[in-house]
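Asker: Turn this into a model:
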Amino acid sequence: MPKKVSEISIHFREVPFLIFQSASQQVSPNVLTLRIQPNEGIELRFEVKMPGPDLRTRSVNMDFGYGASFGATSSDAYDRLLLDCMMGDQTLFTRADEVEAAWRVVTPALTVWESPTNPANMPIYEAGTWEPEEAEQLLNRDGRRWRRL
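Answerer: Okay, here's the model as predicted:
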């Protein structure tokens, strides 16, 4: 990927009818974004009516960032993990049965990937690019698209 970002983006349904706009104008759906790393925070993008007598709307952002709000960046995830380890807090550690269940799911995929009969049609893409063309086509079939960060 060309960018190292981890986030969860929730796209709300489109409104069933437009109160403030004519049918010819596009209304963006509301989006709630939970930024995990590198810039931890939460953003909500939603439509608001613009001031004045005209019935027009515009997308605006409410943005909370840990670094901007507290004047410091959060500690590295490994700092937290090492501190928990020293304190004996196992909350963020994976249990043995979870690890075994994960390997039961992943091992068949790894076996196929490493086999000499690896499928020739396996989608591959260059490092530093967003995704293989097949991933784009998969989303486009349902009228969806990737969210570019």
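
Asker: how about low-confidence regions in this protein?
Answerer: Applying pLDDT under 70 to the chain flags the ranges 1, 17-26, 73-75, 77, 118-120.

Asker: That one: strands as residue ranges?
Answerer: With strands called from DSSP state E, the chain shows them at 6-11, 31-37, 41-49, 57-65.

Asker: what's the first one in contact with?
Answerer: Residues lying outside strand 6-11 but in contact with it, judged by CB atoms under 8 Å, 6 or more residues apart in numbering, are Pro29, Asn30, Val31, Leu32, Thr33, Leu34, Arg35, Ile36, Gln37, Arg147, Leu149. C-beta here means a position set from N, CA and C on the backbone, and glycine is covered the same way.

Asker: and stretch 50-64, which residues are buried?
Answerer: For stretch 50-64, a neighbour-count test (16 or more other CB atoms under 10 Å) marks Thr57 as buried.

Asker: now could you export just the CA positions of it as PDB?
Answerer: Provided in PDB are the C-alpha atoms of stretch 50-64 (Å, rounded to 0.1, in the frame of the first residue of the first chain):
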ATOM      1  CA  MET A  50     -25.700  26.300   5.000                       C
ATOM      2  CA  PRO A  51     -26.600  29.600   6.600                       C
ATOM      3  CA  GLY A  52     -29.000  31.900   4.700                       C
ATOM      4  CA  PRO A  53     -32.400  31.600   3.100                       C
ATOM      5  CA  ASP A  54     -31.300  29.200   0.400                       C
ATOM      6  CA  LEU A  55     -31.900  25.500   1.100                       C
ATOM      7  CA  ARG A  56     -28.400  24.200   0.400                       C
ATOM      8  CA  THR A  57     -26.300  21.800   2.300                       C
ATOM      9  CA  ARG A  58     -22.600  21.100   2.600                       C
ATOM     10  CA  SER A  59     -20.400  18.300   4.100                       C
ATOM     11  CA  VAL A  60     -18.600  19.300   7.300                       C
ATOM     12  CA  ASN A  61     -16.200  17.500   9.600                       C
ATOM     13  CA  MET A  62     -16.100  17.100  13.400                       C
ATOM     14  CA  ASP A  63     -12.500  15.900  14.100                       C
ATOM     15  CA  PHE A  64     -11.000  14.700  17.400                       C
END
